[in-house]
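*Asks:* got a sequence here, can you build the structure:
(chains A, B, C and D)
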2 protein chains.
Amino acid sequence: MTVYAGQGSMALLWRAQGEPRAKPGPKPGLSVDLIVETAIAVADEVGMAALSMRTVGERLGRTAMALYTYVPNKGELVDLMYDRALARLPTGYDLSDGWRAALTRWADDVCDFYVRHPWVLQVSQARPVLGPNEFTVLDTLARILAATGLPPQVLRGIVSALFDVVRGAARTIAEARQASSATGVSDEEWWQARSALLQEIAPDFADRFPMALWLESAGEPSRDLESGEPYLERAARQAFRSGLTLLLDGIKAAGAA
Amino acid sequence: MTVYAGQGSMALLWRAQGEPRAKPGPKPGLSVDLIVETAIAVADEVGMAALSMRTVGERLGRTAMALYTYVPNKGELVDLMYDRALARLPTGYDLSDGWRAALTRWADDVCDFYVRHPWVLQVSQARPVLGPNEFTVLDTLARILAATGLPPQVLRGIVSALFDVVRGAARTIAEARQASSATGVSDEEWWQARSALLQEIAPDFADRFPMALWLESAGEPSRDLESGEPYLERAARQAFRSGLTLLLDGIKAAGAA
DNA sequence: GCCATATCCTTATGCCATAAAGAGTTGGCA
DNA sequence: TGCCAACTCTTTATGGCATAAGGATATGGC
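*Replies:* Numbers count the residues shown, from 1 in each chain, chains lettered A, B, ... in the order given. Okay, the predicted model is just below:
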């Protein structure tokens, strides 16, 4: 359920609260902020697919339709959730030990954020929400990248690639967790069952896909069972680390200070 | 609507067709292949969100329920669509002018594929479908990467990063197209309307987000109006090119031959 | 000719977003 | 003081979704 953004009026996104209130009618029992925060909590717990106007309303002791008093429709609510959630990201990074260290910390933080709020990954990036916190995120990253001394044209490509790698890793980790908890089958169990099935159903596997097998075979991700971290998640984090290293080396090669 | 995969029996994925048929009952009017191919056509045209058992059945002159004779449920149908669609990718790349050129062609092909079939991007990667064509794709890429001379452990990270960048770019392009055609508003119009709104609603923008503005300001993506390519798409393709270059430089830095 | 088996349909359940209309609440003005 | 207009929230309805259950019909093999 990719959700398309950038349709709303942006009035709610950028609203300045504070004007008192001297209007007829019953006092509002809810508020946009409360609804958005509640919807974020729901999405964090049950995922974007299970986020409905009803589930949010219910948690607030209201019907689904009550929310439409505050928010024009679900799409706009998701835009508000998206921008509000981004406020949870750190906004300043110490550059005293260089852009490389700062960028690594930034990538870790953003990845953790996405894993904590995986529904954020489902909000379309094509026509961005353009809320204040989205610009804050960009501003934070731009400040780090400025330290490379590279010109904006080059940096824009770097921004895309960084987000791609971070989001890709977070997506894998989040989806693995989601699948585990939704099906009750751990990564390890799932993988073993699938391997067995595969050998049974495609006995000529090694002949048909020799290079794929070679790629996957050697050096299984260290079976660090004490860590308790699930299989796929461990593999994803290792891939994230090395992908990021690759990218940072590429930035260096592009002439960064 | 991210769709979770890897639940089905894999029997349909790996089935060997050919056994004749000498069973009582009416002759099947449809087939799994026909349904899958039709569903792919529907998804290509209207997107994953509008893909329903009804829309597929209708195109075949049947009701939604008729499909359940051939396919156990929608999730399994999507798995089959996914693997079948991957068969459209090229499977061999000439390595005579080096891994770098081959990898660039591969990335272009895969990006084009995703843009042509954007719904493929919504199939979860965490627990892969494990169909024959998915392994063929991996095998093809592994063959190219083997030419770098790097060991499998290193290459696995490279595989992830490559897919992340390709998928990220394709996602942006596909979502931009989808948004354009769904809303009837071109990227350019949308962006101009949004800029105007933003200036009106956040007049202190330049003070609040100076680095973001700096990053975006200089060197607007060349206004190559003759190309006819939409704004966001052009930007995404430029970002893809430079992101890929970054990655290839990183691979070189990792010691590739 | 009949039965077991298949295909395909109708109907029903319980989700979803949201349109429309109505019930109840309250600030401010007459 | 009393009423109105504005506002909150609910009920109900529409048309979508996946899919469970059950029934009508077709057909190969006995």
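
*Asks:* quick check, pLDDT for A:Leu244.
*Replies:* At A:Leu244 the predicted local distance difference test score is 96.

*Asks:* isn't it up against A:Arg100?
*Replies:* No - with contacts defined as CB atoms under 8 Å, A:Leu244 does not count as touching A:Arg100, sitting 10.1 Å away. The C-beta positions use only the backbone N, C-alpha and C, and glycine is treated the same way.

*Asks:* now do the helices in chain A.
*Replies:* Taking DSSP state H, the helices of chain A run over residues A:11-14, A:32-46, A:53-59, A:74-86, A:99-116, A:132-146, A:152-183, A:187-201, A:205-208, A:210-217, A:231-253.

*Asks:* need the contact partners of the first one.
*Replies:* The set of residues external to helix A:11-14 that reach it, using CB atoms under 8 Å, 6 or more residues apart in numbering or on different chains, is A:Val32, A:Val71, A:Glu76, A:Asp79, A:Leu80, A:Asp83, A:Val129, A:Leu130, A:Gly131, A:Pro132, B:Ile201, B:Ala202.

*Asks:* report pLDDT for A:Asp219.
*Replies:* Not Asp; residue A:219 is Gly. In the predicted model, A:Gly219 carries a pLDDT score of 61.

*Asks:* please list which of the contacts of helix A:11-14 also come close to DNA strand D.
*Replies:* Here nothing survives when those are matched to DNA strand D using CB under 7 Å from any atom of the strand.

*Asks:* of these, which pair is most distant in space?
*Replies:* The largest separation in the contacts of helix A:11-14, counting by CB to CB, is between A:Val71 and B:Ala202 at 20.4 Å.

*Asks:* ok, these two, which is more surrounded?
*Replies:* Of the pair A:Val71 and B:Ala202, A:Val71 is the one with more neighbours under other CB atoms under 10 Å in any protein chain shown, namely 22 against 19.

*Asks:* got the contact list for A:Ile40?
*Replies:* Taking CB under 8 Å, 6+ apart as the contact definition, A:Ile40 lies against A:Met81, A:Arg84, A:Ala85, A:His117.

*Asks:* among those residues, which one lies nearest to A:Glu37?
*Replies:* Out of the contacts of A:Ile40, the member with the shortest distance to A:Glu37 (by CB to CB) is A:Arg84, at 7.1 Å.

*Asks:* if I look at the closest one, how far off is DNA strand C?
*Replies:* Separation of A:Arg84 from DNA strand C (CB to the nearest atom of the strand, to the nearest Å) stands at 18 Å.

*Asks:* count of neighbours near the residue lying closest to that residue once chain neighbours are set aside?
*Replies:* Counting by CB to CB, 6 or more residues apart in numbering or on different chains, A:Val36 is the residue found nearest to A:Arg84 once chain neighbours are left out, at 5.2 Å. Here the neighbour count serves as a burial measure; for A:Val36 (other CB under 10 Å) it reads 23.

*Asks:* again, but for A:Lys23
*Replies:* Neighbourhood size, A:Lys23 [other CB under 10 Å]: 7.

*Asks:* noted, bye for now.
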